[in-house]
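> Pasting the sequence and the predicted coordinates here, then a few questions.
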2 protein chains.
Amino acid sequence: MSQMPDFVSIREVGPRDGLQNEEPIPTDAKVRLLDALSSTGVRRIEAVSFVHPKAIPQMADADEVWQRVARAPGVRYSALVPNSRGAQRALDAGFGEIEVVVSVSDTHNRRNVNRSTGESLDDIAELIDLLHGAGAQAEVVVATSFGCPYEGDVDPRRVAAIIDRVVADGADRVAFGDTTGMATPRRVRELLTEVRDRHAHIPVLLHFHNTRGTALANMLTALDLGVTEFDTSVGGLGGCPYAPGASGNLATEEAVHMLHDMGIDTGIDLDALLEVAELAERLVGRQLPSGVLRAGPRTRLTPLPTP
Amino acid sequence: MSQMPDFVSIREVGPRDGLQNEEPIPTDAKVRLLDALSSTGVRRIEAVSFVHPKAIPQMADADEVWQRVARAPGVRYSALVPNSRGAQRALDAGFGEIEVVVSVSDTHNRRNVNRSTGESLDDIAELIDLLHGAGAQAEVVVATSFGCPYEGDVDPRRVAAIIDRVVADGADRVAFGDTTGMATPRRVRELLTEVRDRHAHIPVLLHFHNTRGTALANMLTALDLGVTEFDTSVGGLGGCPYAPGASGNLATEEAVHMLHDMGIDTGIDLDALLEVAELAERLVGRQLPSGVLRAGPRTRLTPLPTP
């Protein structure tokens, strides 16, 4: 195994990708979650998405949430947008880091946004120009990068071709989404090798779901290949865990727990994070899937009964 | 990452370590589970333990279970024993592979068997002689190898000193038990490096619990270091998942699913195994924690709705 990094940059996606896949919660609760997260030491938070309220009612109050959040110094906040209307809302709200999404799988892309992958890539080229024109950065998230629930395996060369295109169109950064938890160490290695051979310098972030138990093994493989940016979700927030769509985000505390034990810093206070995971559980009103939340960190000892 | 092995030997421990930590089920159900497992292609099964029925009522019918099981050709069955009385029962029942346990942690060992680690090691020396005298093989399972819930971190040199002793006493094989899910990739690497430096030729098996989500990352690390034998439990059987004692076995189908995708054979038919995991769930009457059981293998496609 190669030299491990000293620091891993965690982007907390619970408030957006997490809550988008849970039953809707009140605006107050979202603000409370975001403010609690920004006090854990996490340096990046995906705060909201600007989408049509009919498509995703969970994000209907994105503008209000964002207005009420205390912008913590030292935290980079980002927003996800599906189109130019959403991009304009995100810019008007003052976001400087904005994510756009396209699926490698044409079937998945059509099911998501009723457009082909090629059509979405054309849209994204225009979105990048719009964002750059307003001084914002554009990240392209490539969904179904490790497999599609409708099409099956995805050839890493198809993903690489998409990266070729969006890099040429000016993307500042790329992310690979394991949309339905199909990534394995083998798939991570194959994809990263293919992309890094062609684009050694573009910043890469990985977004794993733990649907089939492989998320931390995937992260370990990616670390070995030099990736240092990951999306995770507090408590594993991101409900309806076995629907075909999006499910089972890797829990932030499971990632941080493993990384810290490996001597890799994240800037995050694990105890503070676990309190936020408990808060998240109360806010959504269901037990979240995080093992570290249930069992506590490995360093938390069990008291012996008094004789 | 080093060359991966072509084959990994899975020992299925659901019928023993799994059921021992669930509510008791009828003898018939145990026989049914064992016979279903032996038809999946798995090559090794930990079938029962011969323990005092007051200590572990779940195994009170071990003799009857074992008499009624169809001994499948090509499957190696083993039994776990706590002492010479249990060892004699296992030998009388015809077992040729027998496991004995000791905890690295003195506190854990005393809580388990009311003896110090040193006293248990003396017992084990006698047990090995007893087993060898009857022509059976002795495996020593070292519990709390990656940490103790009462004492915390365990120095790998303490584990290595135990291996020194049991190898000198004639142990045929050793296993490292992650008794309460405290193993991480770092701990696996540190322990294996320490032991392999001193005992390059003793067969080593690893037994992980997924209490904190790290089990497959730990397995990946161990594969990288040349380990090819693992305990797993169908469905993740092994209940009361967050008790301090024993909890959260790595699910066999999660291990097999990842290994097969990496091109590593196990001899196991994953579809057949998933049927047994469903059976296990019905037999114990609770939802088991296996992600692959819930979501299906990554290769199982979601049908598109007809327009």
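Perfect, thanks for sending it.
> what's the distance between the closest residue in space to A:F176 that isn't next to it in sequence and chain B?
Nearest non-adjacent residue to A:F176, counting by C-beta to C-beta, 6 or more residues apart in numbering or on different chains: A:S145, 3.9 Å away. (C-beta placed from N, C-alpha, C; glycine too.) Going from A:S145 to chain B by C-beta to the nearest C-beta, to the nearest Å gives 13 Å.
> Looks to me like A:S145 is in a helix.
No. Going by DSSP: H, G, I helix; E, B strand; the rest coil, the assignment for A:S145 is coil, not a helix.
> mind checking the backbone torsions on A:R76?
Main-chain dihedrals, A:R76, degrees, to the nearest 10: phi -90, psi 120.
> And stretch A:86-106, how far out from the chain middle?
Distance, stretch centre to chain centre, for stretch A:86-106: 13 Å (C-alpha atoms, centre = their mean, to the nearest Å).
> ugh, wrong one, stretch A:135-153
How far stretch A:135-153 lies from its chain's middle: 11 Å, per C-alpha atoms, centre = their mean.
> Could you do stretch A:183-197 as well?
Counting by C-alpha atoms, centre = their mean, stretch A:183-197 comes out at 18 Å from the chain centroid.
> Then stretch A:117-127?
For stretch A:117-127, the distance to the chain centre is 21 Å (C-alpha atoms, centre = their mean).
> next one: stretch A:84-94
Here stretch A:84-94 is found 20 Å from its chain centre; the criterion is C-alpha atoms, centre = their mean.
> same deal with stretch A:191-199?
Distance, stretch centre to chain centre, for stretch A:191-199: 20 Å (C-alpha atoms, centre = their mean).
> Identify each buried residue in it, please.
Applying a neighbour-count criterion of 16 or more other C-beta atoms under 10 Å in any protein chain shown, one finds A:L191, A:L192, A:E194, A:V195, A:R196, A:H199 buried in stretch A:191-199.
> Look up how far chain B lies from A:E126.
A:E126 sits 29 Å away from chain B, going by C-beta to the nearest C-beta.
> Tell me how far whichever strand or helix holds that residue lies from the chain's centre.
Per DSSP states H and E: A:E126 is located in helix A:117-133. From the chain centre to the centre of helix A:117-133 is a distance of 20 Å (C-alpha atoms, centre = their mean).
> Would you list the phi and psi of the residue nearest the centre of chain A?
Against the mean C-alpha coordinate of chain A, by C-alpha atoms, centre = their mean, the closest residue is A:D231 at 3.6 Å. Reported as degrees, to the nearest 10, the phi and psi values for A:D231 are phi -90, psi 140.
> thinking A:V69 is in contact with A:S39, fair?
No. Counting by C-beta atoms under 8 Å, A:V69 does not reach A:S39; the two are 12.0 Å apart.
> between these two, which one's more packed in?
When A:V69 and A:S39 are compared for neighbours, A:V69 comes out ahead with 22 against 15, by other C-beta atoms under 10 Å in any protein chain shown.
> Provide a list of residues in contact with that one.
If you count contacts by C-beta atoms under 8 Å, 6 or more residues apart in numbering or on different chains, A:V69 has them with A:V31, A:L34, A:D35, A:S38, A:A47, A:Y77.
> Can you give me every residue that contacts the first one?
Contacts here follow C-beta under 8 Å, 6+ apart; on that basis A:V31 touches A:V65, A:R68, A:V69.
> Can you read off the pLDDT for the closest residue in space to it that isn't next to it in sequence?
Spatial nearest neighbour of A:V31, excluding adjacent residues (C-beta to C-beta, 6+ apart): A:R68 at 4.7 Å. Predicted confidence (pLDDT) for A:R68: 98.
> The worst-scoring helix or strand of chain A on mean pLDDT and chain B, are they touching?
Among the helices and strands of chain A, helix A:291-295 carries the lowest confidence by mean pLDDT, DSSP states H and E, at a mean of 92. Yes. Interface with chain B: helix A:291-295 contributes A:G291, A:V292, A:R294, A:A295 (C-beta under 8 Å from any C-beta of the partner chain).
> Verify the stated contact: A:E99 with A:G86.
No. Counting by C-beta under 8 Å, A:E99 does not reach A:G86; the two are 10.4 Å apart.
> Now do the same contact list for A:E46.
A:E46 sits next to A:R11, A:E12, A:V13, A:P15, A:R16, A:D17, A:Y77, A:S78, A:A79, A:L80, A:E99, A:D231 when contact means C-beta under 8 Å, 6+ apart.
> rerun at 7 Å
A:E46 sits next to A:R11, A:E12, A:V13, A:P15, A:R16, A:D17, A:S78, A:L80 when contact means C-beta atoms under 7 Å, 6 or more residues apart in numbering or on different chains.
> for the fifth one, helix, strand, or coil?
To tie it back to what came earlier, the one meant is A:R16. Here A:R16 is helix, with the state taken from three-state DSSP.
> Pull the number of nearby residues for it.
Counted with other C-beta under 10 Å, residues neighbouring A:R16 total 29.
> Name all residues that make contact with it.
Listed by C-beta under 7 Å, 6+ apart, the contact partners of A:R16 are A:E46, A:A47, A:V48, A:S49, A:L80.
> out of the residues you listed, who has the most neighbours?
When neighbours are counted by other C-beta under 10 Å, A:V48 leads the contacts of A:R16 with 30 neighbours.
> Run through the helices of the stretch 151-300 of chain A in chain order.
Secondary structure of the stretch 151-300 of chain A (DSSP state H, counting those that start in this stretch): helices at A:156-168, A:185-198, A:215-224, A:252-261, A:270-284, A:291-295.
> Now do the same for the first one: mean pLDDT, whole number.
Helix A:156-168 carries an average pLDDT of 98.
> list the contacts for A:D261?
Applying C-beta under 7 Å, 6+ apart, we find A:D261 in contact with A:R298, B:T184, B:R186.
> Any idea what the closest residue to A:S49 other than its chain neighbours is bridged to?
Spatially, and ignoring its direct neighbours in sequence, A:S49 is nearest to A:L80 (4.0 Å; C-beta to C-beta, 6+ apart). Bridge pairing for A:L80 (DSSP bridges) gives the partners A:S49, A:E99.
> still on that earlier bit, nearest to chain B among the contacts of A:R16?
The nearest member of the contacts of A:R16 to chain B, counting by C-beta to the nearest C-beta, is A:E46 at 21.2 Å.
> Spell out which parts of chain A neighbour chain B.
A:1, A:147, A:149-150, A:152, A:181-182, A:184-186, A:210-214, A:216-217, A:220, A:224, A:242, A:244, A:254, A:257-258, A:261-262, A:291-292, A:294-295, A:298-299, A:301-302, A:304 (C-beta under 7 Å from any C-beta of the partner chain).
> Which among these count as buried?
Taking 16+ other C-beta under 10 Å as the criterion, what is buried in the residues of chain A next to chain B is A:147, A:149-150, A:181-182, A:184-186, A:210-214, A:216-217, A:220, A:224, A:244, A:254, A:257-258, A:261-262, A:291-292, A:294-295, A:298, A:302.
> circling back: of the buried residues of stretch A:191-199, closest to B:I268?
Distance to B:I268 across the buried residues of stretch A:191-199 (C-beta to C-beta) is lowest for A:L191, with 26.6 Å.
> thought that closest one was touching A:S145?
Yes. Using C-beta atoms under 7 Å, A:L191 is in contact with A:S145, at 6.2 Å.
> so what sits against both of the two?
With contacts taken as C-beta under 7 Å, 6+ apart, the residues that reach both A:L191 and A:S145 are A:V159, A:F176.
> Relative to A:N109, how far out is A:V195?
The gap separating A:V195 from A:N109 is 19 Å, by C-beta to C-beta, to the nearest Å.
> quick one on the thing from earlier: identify the farthest-apart pair in the residues of helix A:291-295 next to chain B.
Spatial extent of the residues of helix A:291-295 next to chain B (C-beta to C-beta) is set by the pair A:V292 and A:R294 at 7.4 Å.
> which residues of the stretch 101-250 of chain A score low on pLDDT?
A:239-247 (pLDDT under 70).
> and with 50 instead?
A:241-246 (pLDDT under 50).
> which residues does A:A160 contact?
By C-beta under 7 Å, 6+ apart, the contact list for A:A160 reads A:E194, A:V195, A:R198.
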